[in-house]
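Undergrad: I would like the atomic coordinates for the input below:
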Amino acid sequence: DNNGDVIIDNGTFAVDASTNLVKLTRTREASKTPGSGALEIGGSLRLDGNEVITNANKALYLNQDNNGDVVIDANTLRVDASANKVSIGYLNAISKLDVAGNIRANHFTDRSNFTEIGHGGTNGYIQTVGTGDLDFRHDDQTLMSLKDDGKVIIGDVPTESGYKLLVEDGIITEKVRVAVKTTNDWADYVFEEDYEILPIADLKEYVSKNKHLPNVPSAEQVVENGINMAEMDSKLLEKIEEAYLYIIDLQEQIEALQSKVNSNH
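TA: Numbers count the residues shown, from 1 in each chain. Down below sits the predicted model:
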């Protein structure tokens, strides 16, 4: 034309020499179904730098779809424009992100260690594969950590062998059940015939010297090592049962003295 532009088919393809723009202005068929050409651009598509831009309220069709959604390879990936949902492997998303299969996240330089969220058919799961722990964080601060050896740590607590759950500050619960493995771990052995109770005079001497009962940890030991609840309950029961033996023995002495007093009258 007289403006230095290149025009083909009365504007279907035009090179605007003044703006350096290339325009394909022919619209798509009324059915909006894709054509068979290797490159097809309707009147709503613009390439701008590294972006592919459509005009307002116009959909970007990466595959067959007439609803204004973005679709890649049928239902491999679908962005539902009306519901603001994304589905991978499904025709329609139920939640904001709906994935048919598992989600895997790994460090961009090491794909051998990764975290996976999935469903095994009956139960859902979160797992780490390879080395490393699974941390739950807030503002880059680890609040809870699942260690690769099965330990669960809540808060800032040093790990300790022999325990699976370590908690900082404390736990509030309405019920605690502590399992005891065998009858030997409970204190009923105190009432066996062959149990040797410490004579009361020896007990008095021990308490005067050590400031705590025999077979019971001192305050210093408790501060340093803490207590095993089942073991401590058994020890306390042992002392209660021993106290009953002392009471029974005293009662027998009282009755013997009473009988002696009565016989002298």
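Undergrad: Contact partners for Gly95?
TA: Actually, residue 95 is Ser. It isn't Gly. By C-beta atoms under 8 Å, 6 or more residues apart in numbering, the residues touching Ser95 are Lys85. For the C-beta atoms, the positions are set from N, CA and C on the backbone; glycine is no exception.
Undergrad: can you check the one 4 residues further on too?
TA: The neighbours of Val99, taking C-beta under 8 Å, 6+ apart as the test, are Ser87, Ile88, Gly89, Tyr90.
Undergrad: So which of the residues you listed are in helices?
TA: With helices taken from DSSP state H, there is no overlap with the contacts of Val99.
Undergrad: Nearest to Asp139 among the residues you listed?
TA: Closest to Asp139 out of those is Ile88 (29.4 Å), distances taken as C-beta to C-beta.
Undergrad: Surely the closest one and Val71 touch.
TA: No: with contact defined as C-beta atoms under 8 Å, Ile88 and Val71 do not form a contacting pair (11.6 Å).
Undergrad: These two: which is more packed in?
TA: Between Ile88 and Val71, Val71 has the larger neighbour count (other C-beta atoms under 10 Å), namely 21 against 16.
Undergrad: Show me the beta-bridge partners of that one.
TA: Beta bridges link Val71 to Arg78, judged by DSSP bridges.
Undergrad: Tell me if I'm right that it and Asp80 touch.
TA: No: Val71 is not in contact with Asp80 according to C-beta under 8 Å; the separation is 9.7 Å.
Undergrad: so where's this protein uncertain?
TA: 1-17, 19-68, 73-75 (pLDDT under 70).
Undergrad: for it, which helix is longest?
TA: In the chain, assigned by DSSP H, the helix with the most residues is helix 229-263.
Undergrad: buried residues in it?
TA: For helix 229-263, burial by neighbour count (16 or more other C-beta atoms under 10 Å) applies to Asp233, Ser234, Lys235, Glu238, Glu241, Glu242.
Undergrad: just stretch 140-157 next, same as before
TA: By neighbour count on 16+ other C-beta under 10 Å, the buried set for stretch 140-157 is Ser145, Leu146, Lys147, Lys151, Ile153, Ile154.
Undergrad: quick one, strands of the stretch 51-200 of the chain?
TA: Using DSSP state E, counting those that start in this stretch, the strands found in the stretch 51-200 of the chain span residues 51-54, 70-72, 77-80, 85-88, 97-99, 103-107, 110-119, 124-129, 134-138, 141-146, 152-154, 165-167.
Undergrad: Can you tell me which of these is nearest to Val261?
TA: Of all the strands of the stretch 51-200 of the chain, strand 165-167 sits nearest to Val261, with 60.2 Å by C-beta to C-beta.
Undergrad: so what strands line up beside the closest one?
TA: If you go by DSSP bridges, strand 165-167 pairs up with strand 152-154 (parallel).
Undergrad: what does the strand it pairs with rub up against?
TA: Under the criterion C-beta under 8 Å, 6+ apart, residues Leu143, Met144, Ser145, Leu146, Lys147, Thr159, Lys164, Leu165, Leu166, Val167, Glu168 lie in contact with strand 152-154.
Undergrad: Report the distance from the longest helix of the chain to the chain centre.
TA: Here helix 229-263 is found 52 Å from its chain centre; the criterion is C-alpha atoms, centre = their mean, to the nearest Å.
Undergrad: With stretch 81-99 instead?
TA: Averaging C-alpha positions (C-alpha atoms, centre = their mean) puts stretch 81-99 25 Å from its chain's average.
Undergrad: re earlier: now for Ile88 and Val71: what residues contact both?
TA: Residues touching both Ile88 and Val71 by C-beta under 8 Å, 6+ apart: Leu77, Arg78.
Undergrad: can you list the residues that contact stretch 219-234?
TA: Contacts for stretch 219-234 (C-beta under 8 Å, 6+ apart): Val176, Val178, Ala179, Val180, Asp185, Trp186, Ala187, His212, Pro217.
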